[in-house]
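Undergrad: sharing a sequence plus its predicted fold:
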Amino acid sequence: MNDASNPSSLASRSSSTSAATGSFWAWVPVLLLGSMFVGLGSMAYVAVNDPGFALEPNYYDKAVHWDRSQAEAAASRELGLKLTVSKPLRVSESGKLELELAVTDKSGASYSGAQVKVEAFAIARASERHELALRELANGHYAAEIDSKTLGLWELRISIDKDRDHYREVLRRDASKGDAA
C-alpha cells in the first residue's frame, strides 16, 4: 500500500507541516522584540559613551525659566561690556588650550577686578565640558588654560561678575594647533 492512498498518512503529514509552520510564527514576535531591545540598548550605549553626543545640562529648568534668561541677556546688553578673545585659541606645546580674554566697558576702559568664569566645550565633543575660573593677568585681561587638545569649533559661555553687575555672553571660536594661522 502506498502512502498517497492512505488517508491517515496524509493527515499526519499535514498536521506535522502545520505544527512546524505554527511554531515558526510563534517565534516571530520574540525575534521582533529581541531586535528592538538590541537596538535600544545600542542607542543607549552610544548616548552614554559617545563624547560627541550631549544633552544640554538642566535643559528643562532652562526652558521653564526662559523669561529669566531673556531678562539676564537684556541686562547684559545694557551693561555694554565688550569681550575680545585677545589671542586666537591655540593648543600649546604642553597640550593645553590657551584662552585669553580682554574685557572693556561701554567707554572702552579696561574692566578689571571682575570674577570671570567660563564653561568651555568643543562642539565635536560637547559632553566634555570644562569649568574655568580665569585669572586676571593685567587690567581687564583674563586667562586660563583648558586641559584639552581638541581642535575645531569651541563654545565659550562666559560669566562676568563684579559688584552688582552680572554679564553673560556666549562666544564661538576656532581652536588650532600651535602657530598655525
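TA: Nice, I can see it. Residues are numbered from 1 along each chain as shown.
Undergrad: could you use CA atoms for every contact and neighbour count after this?
TA: Will do.
Undergrad: check Gly52 and give its pLDDT.
TA: Gly52 is assigned a pLDDT of 78 by the prediction.
Undergrad: could you do the one 10 residues further on as well?
TA: pLDDT for Lys62: 87.
Undergrad: run a quick neighbour tally on it.
TA: By other Cα atoms under 10 Å, 13 other residues sit near Lys62.
Undergrad: again, but for His141
TA: Count around His141 with other Cα under 10 Å applied: 22.
Undergrad: give the contact list for the closest residue to it other than its chain neighbours.
TA: Excluding its sequence neighbours, the residue lying closest to His141 (Cα to Cα, 6 or more residues apart in numbering) is Ala102, at 4.4 Å. By Cα atoms under 8 Å, 6 or more residues apart in numbering, Ala102 lies in contact with 83-86, 110, 140-142.
Undergrad: partner residues bridging Leu156?
TA: With DSSP bridges as the criterion, Leu156 is bridged to Ala120, Leu171.
Undergrad: which residues does it contact?
TA: 118-121, 170-173 are the contacts of Leu156 under Cα under 8 Å, 6+ apart.
Undergrad: before we move on, back to that, I'd like the contacts of Ala102 laid out as TSV, including secondary structure, distance to Asp61 and pLDDT.
TA: Output for these, formatted as TSV (DSSP: H, G, I helix; E, B strand; the rest coil; distance: Cα to Cα, whole Å; pLDDT from 0 to 100):
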residue	secondary structure	distance to Asp61	pLDDT
Leu83	strand	27	92
Thr84	strand	30	91
Val85	strand	30	90
Ser86	coil	33	83
Ser110	strand	34	92
Gly140	coil	33	90
His141	strand	33	94
Tyr142	strand	30	95
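Undergrad: need those residues in TSV (columns: distance to Asp165).
TA: Shown next, in TSV, are these (distance: Cα to Cα, whole Å):
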residue	distance to Asp165
Leu83	15
Thr84	19
Val85	21
Ser86	22
Ser110	15
Gly140	15
His141	18
Tyr142	17
